[in-house]
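> Show me how the following folds:
(2 chains)
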Amino acid sequence: MITIENLEKVYKTEEIETTALNGINLHVATGEFVSIMGPSGCGKSTLLNVMGLLDKPESGSYKFIDTELLTLNDRERSNFRKRNMGFVFQNFNLIDELTVFENIELPLIYNKVPAGERKKLVNEIIGRMNIVNRSGHFPQQLSGGQQQRVAVARALVTKPKLVLADEPTGNLDSTHGNEVMELLCELNETGTTIVMVTHSSHDASFSNRIINLKDGHVISEKINKGKTEELI
Amino acid sequence: MFKLNLKIALRNLWKNKGYTFINVIGLSIGMASCILIFLFIRYQLSFDEGIKNEDRIYRFVTEWKYDAFDDYSNAVAIPAVKVAKNEIAGIEKSAAIFRRWSILRVKDASGKDLFKQDETIYYVEPDFFDIFGMRWLTAKPTQALSQPNTVALSETAAQQYFGNAQTAIGKTVTMANNTPLKVSGVFKDMPKNSSFPLNIMVSYETYPDKNGDCWDCVSSGNEFYVLLKEGLTAKDIEGSLAQFNKKNYADRKVAGNQVNKMEALRDIHFSEHYDNFSYNTISKTEIYGLAIIALFLIVTACINFVNLSTAQAINRAKEVGVRKVMGSLRKQLMLQFLTETFLVTLAAMLIACVLAELAIPQMENLFKGTVSIGLFQHPVIFVFMLLLVLFVGLLAGFYPAVVMSGFTPALAIKNKITLNTGGLSLRKILVVVQFSIAIILIISTIVVMRQMQYVQQKQLGFNANEVMMISLPNDSLSRLKHESFKERLLKIPGVNKVSFCQDAPLSPNINSSDFAFNGIKNKDFEVRRMKADEDYFDLFDLKLIAGKLFAKSDTANGYVVNETFLKKVHITNPQDALGKMINSTGQNIPIIGVIKDFNDLSLKENISGLTISAGKTSYWRAAIKLDTKQLFVADKKVEALWNSIFPNYIYYSKFVNENINGQYETEKVMGILFKVFAGVIIFISFIGLFGLMSFVATQRTKEMAIRKVLGATTFELVKMLNGSFLLMVFIANLVAWPVAYLIVNGWLNGFAYRMELNVWPFVLAMLITMFITLLTVSIRSYKAAVANTIDALKYE
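Numbering: from 1, shown residues only, chains lettered A, B, ... in the order given. Model (predicted):
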């Protein structure tokens, strides 16, 4: 599904230049669940941002199925993102002024889904995520685990081909963290490709493949056997 | 999508109640002021509008070009009225309209007065009604005012005299004591926004001096209007008018290069040189000035909005990031932020309407009823409000929308957005602009107030304390009673001195005329000819510096002149002037005395060259110097005596000082307006500053806590937070000073007598703004500095 070649990304300030991604090559197959790990500052979040079209690299190629994405302009990136990708963040990133229902509905609105259809889809996912009795609440009124469920629900409601998760359990205790990981696994089992950035080996153990980054390079790749076998 | 945006907007505004309040209040006060200024300007621009053929109606005015000065009059010489239509090609209709004052009476069958009142009357030629398309309430009189002794009344006058319009027709009104006028028509009242406050229009045929043939006598009440033929403008008949001027003035050797010019009807209200019957003019400069103040007000309020929105932008970063990740386009985000701005602007507009409605009566009061405005008077007001909302919404909302919608999503979702780190941020520039505007207005207000004080306290060169001017009937019969009236007045206890005269020393109601000095025609200036009896000098304490005063006489037997007159005829030693002849009346009369200069006109004008002489037929006023202690009693007794001697006339009295102060009414109103608008701008600026300070204090909570842990005192923290704000206001002062200097100096130049402009108004403005800034920001910075350190660190 994803083929990345020679990806380079440099951050410049007045005084220093930091190379965040240094010639990354990567392939992610459809239906795969990939974890990206590495120490702080190794470039894993930058890589995720580039994959999510939230950031532009200096050079390289990024193909999604057969489309080269790095040549798209802002509007095209926006359109591509909303049709194909869902995001889950460490800090949930729910909009405080919107209720749970409205937060989940938001990507559907941007995808111009008719109101009746939207209601149906949101209710469906709210049911799946087990947050039915919270749909009228505002984010601040929910626990961290509940907020992340909403965030996952929001990422899934458009049925994206790819879900990008940036330390999805980073702000959660282990019980809630596990719940979220199970949710992602269930999702992966239904065929959605997932790329997840994480610090936690425990979380990474839920994925099929673990990619290790250091100083902007891919230093190793590890197949998670148990999971792969399950997949086979 | 719109619904959702609206929801987010409302919830966001509610969440930041404090800032929303500051924005809404600032905007609504700014908008209310703008609406009021717009209503006022629209009202002024509506003067004399809607008259059929308004673009073909012109007023004839007169101009003089002397060697040393130009003079202007709204009026024309009487013979011009008679010949203009025949001598100037292109005039379809013409009509004279002469203003006079007279007592009008309505009597019952037995001859008893039902009604008696001093009224302004207008002698008009019949075509006036056609030119101005006057609307008749009764059937249109076929020969309206073509006959002598006929009168047309306004609806109000007809009601006042006879109950209603229909009963008035055919009835008789008596003018002065014995001129009967038959009511031949009743016309609809003139609107308030008219330069023609016409109530009583008497046929021109009744006017006693209608056959006057003096080409160089121009009396300010004698106006003349023409209707040009279809398709013609003033330009088209310039040539013909020039010939007319040559034939009637130049060829007749009329002094001062006198000419007639034409002024369009719709320019009358905005005329700077020419007065009109309503005494109500406003220059286009003043209108532009007001419009600029309105713009200042709204820009100041918008600056608050921009500053607070961009300051808060960081708080919105996450939302922007999430929306972009979800697929929102920049356009959609901008639309969302603009929706918020428009929501605030709309709320502000509603409040502004209420505020404006509340302020309208005060404003009408301020202008003493000469202004009549309403919020729902005209559809154009709604258009203005709509445009104002759009203008403010875009002005205030566009920049924040551009900034916020431009956040990079990857940084925004991690709250890593930073705005304006160091350097000269737009926000700082806007605060400086905002305060510069406020400071300019503060300085202007101080200068206007000081100048008014100066004008009121300036020694005018005569003493008018406790001097009352009363009316003095001056027809031949009344004149016979003058002598005994004066004697009896002086017998009233509390009456110290009495003089019969044309008017008080400082008066606009004195004629001026060209003259010959020692047999040589003067081409430099006109001399003002004041008429007064021999007691005038002592009563007003006018100081003689050479020669003597004139002896008691009914007519001029010698002139007393002022120093300015001598200066203008180039005589340095007053003694040298004595015995020199002045001829301004067809008769050579010697100068017999010279008095010290006094201000004979408002302080906006220089002292004129002046002659004072006896002239019984011009004594329209009696000046009475009263004893301070018996002021009230004497006043009543004077009135009683007057009524017993002149029973057919109407008594009028006013203290001279009241009249003099009345001359600065416009400046007084301007002073009040400046005070109000300066107050509004200061208020808006400071609530904005308070909001900004609150924001900065919140942003720097963690930094302050760390500094405190490291040993900073509360005072040091307050100083740190206040510093940048005080610096901005200081810079604003430096920016404002030169601009303010140009403005106030220009205004003061309009006064011949002006206060000295020193540095104090500027320093005072700086002290005021720095002090209020210190107070405003300290309230908030102190609160931040004493906040619990642990909470702040934990919170972060």
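> Report the distance from stretch B:715-734 to the chain centre.
Chain-centre distance of stretch B:715-734: 39 Å, with C-alpha atoms, centre = their mean, to the nearest Å.
> nope, stretch B:664-680 is what I meant
10 Å.
> in the chain, which helix has the most residues?
Using chain A. If you go by DSSP state H, chain A has its longest helix at helix A:174-189.
> my bad, the chain I had in mind was chain B
helix B:284-325.
> Summarise which helices and strands it is packed against.
Under the contact criterion of 3 or more C-beta pairs under 8 Å, 6 or more residues apart in numbering or on different chains; DSSP states H and E, helix B:284-325 touches helix A:100-110, helix B:17-45, helix B:330-366, helix B:379-405, helix B:409-412, helix B:426-457, helix B:665-699. Glycine gets a C-beta too; all of them are placed from N, C-alpha and C.
> That helix vs helix B:665-699, what angle?
20 degrees (axes from the mean of the first three to the mean of the last three C-alpha atoms, to 10 degrees).
> got the angle for helix B:284-325 vs helix B:379-405?
Counting by the same axes, to 10 degrees, helix B:284-325 points 40 degrees away from the direction of helix B:379-405.
> Let me know the average pLDDT across helix B:284-325.
Average pLDDT, helix B:284-325: 84.
> Do me a favour and average the pLDDT over stretch B:720-731.
If you average the pLDDT over stretch B:720-731, you get 89.
> swap in stretch B:645-664?
85.
> ok, B:Ala242 to B:Gln147 distance?
Distance from B:Ala242 to B:Gln147, counting by C-beta to C-beta, to the nearest Å: 36 Å.
> Tell me which residue of the stretch 101-250 of chain B lies closest to chain A.
Per C-beta to the nearest C-beta, B:Asn193 is where the stretch 101-250 of chain B lies closest to chain A, at 49.7 Å.
> So that residue: helix, strand or coil?
Classification of B:Asn193 by DSSP: H, G, I helix; E, B strand; the rest coil places it in coil.
> What residue in the stretch 601-750 of chain B comes nearest to chain A?
Per C-beta to the nearest C-beta, B:Thr698 is where the stretch 601-750 of chain B lies closest to chain A, at 16.3 Å.
> which residues touch that residue?
Contacts for B:Thr698 (C-beta atoms under 8 Å, 6 or more residues apart in numbering or on different chains) come out as B:Ala784.
> Kindly recompute the last result at 10 Å.
Listed by C-beta atoms under 10 Å, 6 or more residues apart in numbering or on different chains, the contact partners of B:Thr698 are B:311-312, B:315, B:780, B:784.
> I'd like these laid out as JSON lines, including distance to B:Lys414 and neighbour count.
Shown next, in JSON lines, are the contacts of B:Thr698 (distance: C-beta to C-beta, whole Å; neighbours: other C-beta atoms under 10 Å in any protein chain shown):
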{"residue": "B:Ala311", "distance to B:Lys414": "20", "neighbour count": "21"}
{"residue": "B:Gln312", "distance to B:Lys414": "18", "neighbour count": "17"}
{"residue": "B:Asn315", "distance to B:Lys414": "14", "neighbour count": "17"}
{"residue": "B:Arg780", "distance to B:Lys414": "29", "neighbour count": "22"}
{"residue": "B:Ala784", "distance to B:Lys414": "26", "neighbour count": "22"}
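> and of those, the nearest to chain A?
Of all the contacts of B:Thr698, chain A sits closest to B:Asn315, with 9.6 Å by C-beta to the nearest C-beta.
> If you tally nearby residues, what's the number for B:Tyr454?
Neighbourhood size, B:Tyr454 [other C-beta atoms under 10 Å in any protein chain shown]: 16.
> So what's the residue count around the nearest residue to it once chain neighbours are set aside?
Leaving aside its sequence neighbours, B:Tyr454 sits nearest to B:Met755 (C-beta to C-beta, 6 or more residues apart in numbering or on different chains; 4.2 Å). Look at B:Met755: counted by other C-beta under 10 Å, it has 17 neighbours.
> Let's verify the residue most central in space within chain A: helix, strand, or coil?
Centroid-nearest residue in chain A, with C-alpha atoms, centre = their mean: A:Leu164, separated by 1.4 Å. Using three-state DSSP, the three-state assignment for A:Leu164 comes out as strand.
> distance of it from A:Val88?
Taking C-beta to C-beta, one finds A:Leu164 at 7 Å from A:Val88.
> Common neighbours of the two, please.
Both A:Leu164 and A:Val88 are in contact with A:155, A:194, A:196, where contact means C-beta under 10 Å, 6+ apart.
> Quick one, grab the pLDDT at B:Glu667.
B:Glu667 is given a pLDDT of 76.
> Would you map out the domains in chain B?
Using automatic domain parsing, the domain ranges for chain B come out as B:1-50+B:282-419, B:75-270, B:474-648.
> out of those, which comes closest to B:Gln456?
domain B:474-648 (9.6 Å; C-beta to C-beta).
> Burial check on the spatially closest residue to A:Gly136 that is not a sequence neighbour, number of neighbours?
Excluding its sequence neighbours, the residue lying closest to A:Gly136 (C-beta to C-beta, 6+ apart) is A:Thr99, at 5.5 Å. Close neighbours of A:Thr99, defined as other C-beta under 10 Å, add up to 20.
> neighbouring strands for the strand or helix carrying A:Val88, and are they parallel or not?
Taking DSSP states H and E as the definition, one finds A:Val88 inside strand A:85-89. According to DSSP bridges, strand A:85-89 forms sheet pairs with strand A:162-166 (parallel).
> starting at the chain centroid, how far to the strand it pairs with?
The answer for strand A:162-166 is 1 Å, by C-alpha atoms, centre = their mean.
> what sits against the nearest residue in space to B:Ala68 that is not next to it in sequence?
Nearest-residue entry for B:Ala68: B:Asp524, 4.2 Å, with adjacent residues in sequence omitted and distances by C-beta to C-beta, 6+ apart. Counting by C-beta under 10 Å, 6+ apart, B:Asp524 makes contact with B:66-69, B:256, B:514, B:517, B:568-570, B:609.
> Please check the residues you listed and keep the buried ones.
Among those, those buried by neighbour count (16 or more other C-beta atoms under 10 Å in any protein chain shown) are B:66, B:256, B:514, B:517, B:568-569, B:609.
> Narrow those to those in helices?
Among the buried ones among the contacts of B:Asp524, the members falling in helices (DSSP H) are B:Lys568.
> Now flag whichever of the buried ones among the contacts of B:Asp524 is closest to chain A.
When these are compared for distance to chain A (C-beta to the nearest C-beta), B:Tyr66 comes out closest, at 72.0 Å.
> Local confidence estimate at A:Phe101?
Listed pLDDT for A:Phe101 reads 93.
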